[in-house]
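Chemist: predicted model follows, preceded by the sequence.
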Amino acid sequence: MASVVTFSNNVNDVLADAIHTLRPSKVLVLVDSNTSRCVLPLLPILESAHVITIPAGEQHKSIDTLTHVWKQMQQADATRHALMVNLGGGTVTDLGGLAAATYKRGIPFINVPTTLLAAIDAAVGGKTGINFNGLKNEIGVFCDAVQVIISSCFFGTLQREELMSGYAEMLKHAMLTSHDELDRLLGQQIDDMDWDDFLSHVETSVNVKRDIVAKDPLENGWRRVLNLGHTVGHALESLALQRGTPVTHGHAVACGLVTEAVLSHMALQFPSPDLHHLATFVRNRYGAIHITCNDYPTLLQFMHHDKKSRDGEINCTLLRQCGEPVIDNNISEADMQTALDIYRDLMGI
Ligand SMILES: NC(=O)c1ccc[n+]([C@@H]2O[C@H](COP(=O)([O-])OP(=O)(O)OC[C@H]3O[C@@H](n4cnc5c(N)ncnc54)[C@H](O)[C@@H]3O)[C@@H](O)[C@H]2O)c1
Ligand SMILES: [Zn+2]
């Protein structure tokens, strides 16, 4: 069942109402070492909850951390009628969702995303999981939170690069919606953000994902539109990791969106002014991920092995224009190399 999604900057009251309605036998809260410090003290309703803390960072989205959380749930004597509140970024909502979905065959959970990336992408849509044996999100289940409470009031303490990482997913959603929505985001005063005002943009963006997921909850087809920017983005992210100079997921996606907008222009006449507007924003706000033509074979290898590619083809979601995505485009190596050449030109590298 799809989650109730509530947009509010009064999270404490919304959470109090949710707990009152659900009447759980116990409330467990999962935080990481950062959200325990920056966010938990802002929510007095959770003062009497049983707090489970995990170390911060993607490297802890692991089976060891999951085991630790299950043990803590047992030690708290949590029954099937307990409620888990996942208070954190995507690491916490993914791992906490899986812990809740599997403990005693499943207890209800509420996601309260505290990063922009988690609000826009991770907390809604029913995917939970951990990384396993070197592979990302290898183990997990589809399981919806009973409620997702989305607020922009926690974003003020985010590192700038974490904020920009989530912003790239907003750009993607805007490109899947309309030219006007993309223009709005490209014109936003990111360095002097009015967080209350920003919540309406977050709501618009999250609803793009919700509408797409509602049409294809288990990712059998249309949900692949959400892959926009990610075939190239994942390859750039993997290349940066391999070089020992990791970049955020959103930085790679932003550069992936530019390259895939180039491919969209080449294959489907995506309008050139939108492409240039996006590229200028990404160059100024994120900076290029540096590549040379010597990196192309490695990038192509990553793209052929992307988990969303079938039969080793390079598969991309492209756009005829903003709001008109086309899934399952097979891209030749030659076209991808041309697009990467143009990406480098547009980024000034
Ligand atoms: N389930 C899905 O559909 C889905 C979709 C997209 C991403 N994801 C997953 O989400 C994860 C990435 O999410 P993320 O970027 O939120 O990662 P994260 O949870 O690791 O958070 C990034 C950093 O920000 C810190 N942080 C969180 N909230 C903060 C706050 N309010 N103030 C200051 N610091 C704060 C965290 O402690 C962490 O150090 C990945 O594991 C990815 O696979 C899942
Ligand atoms: Zn993404």
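Modeler: Yep, it's here. Numbers count the residues shown, from 1 in each chain. Ligands and ions are numbered 1, 2, ... in the order given.

Chemist: what is the burial count for residue 268?
Modeler: Here the number of neighbours of residue 268 (other CB atoms under 10 Å) works out to 15. In this view, the C-beta of every residue, glycine as well, is placed from N, C-alpha and C.

Chemist: so it makes contact with residue 316?
Modeler: No: counting by CB atoms under 8 Å, residue 268 sits too far from residue 316 to count as a contact (10.8 Å).

Chemist: name the surrounding residues that touch stretch 134-145.
Modeler: With contacts defined as CB atoms under 8 Å, 6 or more residues apart in numbering, stretch 134-145 is touched by 1-3, 63, 86, 93-94, 97-98, 100-102, 106, 108-111, 123, 126-132, 217-218.

Chemist: typo on my end, stretch 157-175
Modeler: Stretch 157-175 is touched from outside by 38-39, 89, 115-121, 155, 181-182, 184-186, 190, 201-202, 204-205, 208-209, 226, 228-229, 248-251, 253-254, 257, 261, 278, 281, 285-286, 319, 322, with contacts defined as CB under 8 Å, 6+ apart.

Chemist: give the contact list for the nearest residue to residue 140 once chain neighbours are set aside.
Modeler: The spatial neighbour of residue 140 that comes closest, neighbours along the chain excluded (CB to CB, 6 or more residues apart in numbering), is residue 129 at 2.5 Å. By CB under 8 Å, 6+ apart, the residues touching residue 129 are 61, 94, 95, 97, 98, 137, 138, 139, 140, 141.

Chemist: confirm that residue 149 sits in a helix.
Modeler: No: under DSSP: H, G, I helix; E, B strand; the rest coil, residue 149 sits outside any helix and is assigned strand.

Chemist: just the strands from the stretch 1-150 of the chain, written as ranges.
Modeler: 4-7, 27-32, 50-54, 83-88, 109-113, 130-132, 135-139, 147-150 (DSSP state E, counting those that start in this stretch).

Chemist: out of these, the one nearest residue 307 is which?
Modeler: Residue 307 lies closest to strand 135-139 among the strands of the stretch 1-150 of the chain, at 8.7 Å (CB to CB).

Chemist: okay, now the sheet partners of that closest one, with direction.
Modeler: Sheet neighbours of strand 135-139, with direction, are listed as strand 130-132 (antiparallel) (DSSP bridges).

Chemist: the strand it pairs with near ligand 1 anywhere?
Modeler: No: for strand 130-132, no contact with ligand 1 is found by CB under 6 Å from any ligand atom; the gap never falls below 7.4 Å.

Chemist: now the element after the helix or strand containing residue 185, going C-ward?
Modeler: Following DSSP states H and E, one finds residue 185 within helix 179-186. Per DSSP H and E, the first helix or strand lying C-terminal to helix 179-186 is helix 195-215.

Chemist: from the contact counts, what lies against the helix or strand that comes right after that next one?
Modeler: Toward the C-terminus, helix 195-215 is succeeded by helix 230-243 as the next helix or strand (DSSP H and E). Applying 3 or more CB pairs under 8 Å, 6 or more residues apart in numbering; DSSP states H and E, one finds that helix 230-243 contacts helix 249-268, helix 296-304, strand 314-319, helix 333-347.

Chemist: PyMOL command for the buried members of the contacts of stretch 134-145?
Modeler: Selecting the buried subset of those in PyMOL, with 16 or more other CB atoms under 10 Å as the burial test, is done by:
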select buried, resi 3+86+93+94+97+98+100+101+102+108+109+110+111+123+126+127+128+129+130+131
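
Chemist: how near is residue 290 to ligand 1?
Modeler: 23 Å (CB to the nearest ligand atom, to the nearest Å).

Chemist: gap between the spatially closest residue to that residue that is not a sequence neighbour and residue 266?
Modeler: Once flanking residues are discounted, residue 290 sits nearest to residue 349: 5.5 Å by CB to CB, 6+ apart. Distance, residue 349 to residue 266, using CB to CB, to the nearest Å: 20 Å.

Chemist: do residue 135 as well
Modeler: 32 Å.

Chemist: same question, residue 126
Modeler: Look at residue 126 and residue 266: by CB to CB, they are 35 Å apart.

Chemist: which residues of this protein lie near ligand 1?
Modeler: By CB under 6 Å from any ligand atom, the residues of the chain that approach ligand 1 are 32, 34-35, 38-39, 56-58, 61, 88-92, 94, 114-115, 117-118, 121-122, 125, 127, 137, 154, 157-158, 162, 165.

Chemist: for the residue nearest to residue 140, grab phi and psi.
Modeler: Main-chain dihedrals, residue 129, degrees, to the nearest 10: phi 170, psi 170.

Chemist: circling back to that earlier point, weakest of the strands of the stretch 1-150 of the chain by average pLDDT?
Modeler: Mean pLDDT is lowest for strand 135-139 out of these, coming in at a mean of 90.

Chemist: confidence score at the closest residue to residue 116 other than its chain neighbours?
Modeler: With sequence-adjacent residues excluded and distances taken as CB to CB, 6+ apart, residue 116 is closest to residue 166, at 2.7 Å. Residue 166 carries a pLDDT value of 98.

Chemist: kindly report the same for the one 4 residues further on.
Modeler: As summarised for this prediction, residue 170 has a pLDDT of 98.
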